[in-house]
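sequence? don't have it. structure:
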């Protein structure tokens, strides 16, 4: 007897639902990637994540591709299981962590702008 897709997922159709936290996570991940790439290209930062460091060493384009694919795949899995409280919590936590990272990038950018003339001398 064949099992339908809906039966496999407990009778409800699985879908990728974009909650506000999901959209925030995707947007903040993109901003993190762009800021990181900008700082790496300027030579004022190092990539500390060993997986992303290897991706950047391949090419900046591959770095962005890998970053977006990895986070999007994780978010996709969490959204499929959004009926679980832990999944919804993980999405919100991920968005909060990326928010802190983006604020850090903005502070670092401000520091660079404020001290750029002294750095060139």
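Yep, that arrived. The model shown is predicted, which means the values in this text are computed figures rather than measured ones.

tally of neighbours for residue 58?
Look at residue 58: counted by other CB atoms under 10 Å, it has 11 neighbours. In short, each C-beta sits where N, CA and C put it, glycine included.

Could I get the pLDDT score of it?
With respect to pLDDT, residue 58 has a value of 97.

same thing with residue 19?
pLDDT, residue 19: 89.

From residue 93, how far out is it?
According to CB to CB, to the nearest Å, residue 19 and residue 93 sit 13 Å apart.

Low-confidence ranges, the chain, go.
Along the chain, segments meeting pLDDT under 70 span 1-17, 119-121.

try 50
Within the chain, the ranges that satisfy pLDDT under 50 run 1-8, 14.

Nearest residue to the middle of it?
Centroid-nearest residue in the chain: residue 29, 2.9 Å away (criterion: CA atoms, centre = their mean).

what sits against the residue lying closest to that one once chain neighbours are set aside?
Nearest non-adjacent residue to residue 29, counting by CB to CB, 6 or more residues apart in numbering: residue 71, 4.5 Å away. Applying CB atoms under 8 Å, 6 or more residues apart in numbering, we find residue 71 in contact with 25-26, 29, 94.
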